[in-house]
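# Okay, here's the prediction I keep looking at, along with the sequence it came from:
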Amino acid sequence: MLEARLVEEKLAALCRSGKIVGGVFLGRGQEALSVALGVHLRRGDIYAPLIRDQAGRLAFGDTILDTLRTYLGSSLGSMRGRDGNIHRGRPSEGYHAMISHLGAMVSTVCGGLVAKRFRGEKGVVGATCIGEGGTSTGSFHEGMNMAAVENLPLVVVVANNQYSYSTPNNRQFACSDLLSKATGYGVAGHRTVGTDLVDCLGVISEAVTAARRGEGPQLVVADLLRLVGHGEHDDASYIPEAVKKSPLGQDCLELARQSLIEREWLSEEEADSWHDAVKKEVEETASKVMREPAPDPAEEDWNAFASPSLGRNP
Ligand SMILES: Cc1ncc(C[n+]2csc(CCOP(=O)(O)OP(=O)(O)O)c2C)c(N)n1
């Protein structure tokens, strides 16, 4: 959580100083939920994160170095500097590079899980995260429906951050509770407090374990608020102050820190020194990456045509 928060603070600063080309979308306020999914996945599983899942990505094995390389367009990164920000992954390791079409990642995970079934791989899970706005799309419906009919080990986590970009929930869906969507598809539903790390870890553990045991798709709904705009271009001024000050608007990272200190699992000094160590690592990594080469258009075939270099894809 801490790594994700500090990497993203650096990304926001780099974006404001014009060092990043393209959009920057942050997961501030959603790290507890995101990390809880990332830590419960294993080698052999499939993970398709969404734009706000920096914490889940790091927990699934992504690195600060590769994150910064991708955002800063270094040719040494896993996407070889050709694709920016959130569209990064390592498909051969089950880490899908997201596409921005909302809901589409549910279907790609279903496809991956069917492929694993054909190959006879057992005990695997495919997971993705989606916003509550994304649950209104046709792709979400098709993916959930297929997963339910095929009893796929799919875990879909809904980050219900109350606004689909600037559209409030009462203009986004008419069901009183997003969990009723689970009932509609005939899949198991779980609810978690998205600001509470311990609750997120417990509920997502149950969902992932049930999917791994063969109990079919699991839908987890987490209530929270994103503490930033949709992207760095959005000041979130459409969110009323009262909502920001409500329990939904609490900072999950701050709450997790307080809870560790109250349980005496961590002292204030240790928490501060973690913070300083991660910040130092982020700063040093960013300085290093900014000295790395950009892709050379004369050398790159951009994978637009079939070529021997396709075999080198990460
Ligand atoms: C199929 C599709 N329709 C529209 C868009 C444009 N779009 C990008 S983000 C967004 C809102 C997303 O809301 P939500 O899923 O709740 O996520 P949030 O940004 O609130 O975290 C929309 C409509 C898109 N990317 N894909």
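In hand now; what should we look at?

# Can you name the residues of the protein that neighbour the ligand?
52, 100-102, 131-134, 137, 161, 163-165, 226, 230 (CB under 6 Å from any ligand atom). From N, CA and C alone the C-beta is placed, and that goes for glycine too.

# Drop the exposed ones from the residues you listed and show what's left.
52, 102, 131-134, 137, 161, 163-164, 226, 230 (16 or more other CB atoms under 10 Å).

# hmm, back to that, which among the residues of the chain next to the ligand gets closest to Asp276?
Closest to Asp276 out of these is Arg52 (25.2 Å), distances taken as CB to CB.

# Verify the stated contact: the closest one with Leu26.
Yes. Contact criterion CB atoms under 8 Å: Arg52 and Leu26 qualify, at 7.0 Å.

# Mutual contacts of the two, please.
Common neighbours of Arg52 and Leu26, counting by CB atoms under 8 Å, 6 or more residues apart in numbering, are Arg226.

# Closest residue of this protein to the ligand?
Gly131 (2.3 Å; CB to the nearest ligand atom).

# For whichever helix or strand Gly112 is part of, list the C-alpha coordinates in PDB.
Using DSSP states H and E, Gly112 sits in helix 104-118. C-alpha atoms of helix 104-118 as PDB (Å, rounded to 0.1, in the frame of the first residue of the first chain):
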ATOM      1  CA  ALA A 104     -13.400  -6.000 -21.300                       C
ATOM      2  CA  MET A 105     -11.000  -7.500 -18.800                       C
ATOM      3  CA  VAL A 106     -13.700  -9.700 -17.300                       C
ATOM      4  CA  SER A 107     -13.900 -11.500 -20.700                       C
ATOM      5  CA  THR A 108     -10.100 -11.700 -21.100                       C
ATOM      6  CA  VAL A 109      -9.800 -13.400 -17.700                       C
ATOM      7  CA  CYS A 110     -12.700 -15.800 -18.600                       C
ATOM      8  CA  GLY A 111     -10.800 -16.700 -21.800                       C
ATOM      9  CA  GLY A 112      -7.600 -17.300 -19.900                       C
ATOM     10  CA  LEU A 113      -9.400 -19.500 -17.400                       C
ATOM     11  CA  VAL A 114     -11.100 -21.600 -20.200                       C
ATOM     12  CA  ALA A 115      -7.600 -22.000 -21.800                       C
ATOM     13  CA  LYS A 116      -6.300 -23.300 -18.400                       C
ATOM     14  CA  ARG A 117      -9.200 -25.700 -18.200                       C
ATOM     15  CA  PHE A 118      -8.400 -27.100 -21.700                       C
END
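
# What pLDDT does the model give Asp177?
On pLDDT, Asp177 comes in at 94.

# residue boundaries of the strands in the stretch 51-200 of the chain?
Here the stretch 51-200 of the chain has its strands, by DSSP state E, counting those that start in this stretch, at 126-131, 154-160, 163-164, 167-168, 188-193.

# What pairs with the fourth one, parallel or antiparallel?
Within its sheet, and counting by DSSP bridges, strand 167-168 is paired with strand 163-164 (antiparallel).

# where's the strand it pairs with relative to the chain centroid, distance-wise?
16 Å (CA atoms, centre = their mean, to the nearest Å).

# And the contacts of that strand?
With CB under 8 Å, 6+ apart, strand 163-164 has contacts from 131-134, 136, 169, 172, 226, 230, 236, 238-239.

# 6 Å - rerun?
133, 172 (CB atoms under 6 Å, 6 or more residues apart in numbering).

# which stretches of the stretch 201-314 of the chain aren't confidently modelled?
Within the stretch 201-314 of the chain, the ranges that satisfy pLDDT under 70 run 301-314.

# should've said the stretch 51-200 of the chain
84.

# do that again at 50, thanks
Within the stretch 51-200 of the chain, not a single segment meets pLDDT under 50.

# all helices of it, in order?
Ranges of helices within the stretch 51-200 of the chain are 54-60, 64-72, 104-118, 138-150, 180-185, 197-212, based on DSSP state H, counting those that start in this stretch.

# how far is the first one from where the chain is centred?
Between the mean C-alpha point of helix 54-60 and the mean C-alpha point of its chain there is a distance of 7 Å (CA atoms, centre = their mean).
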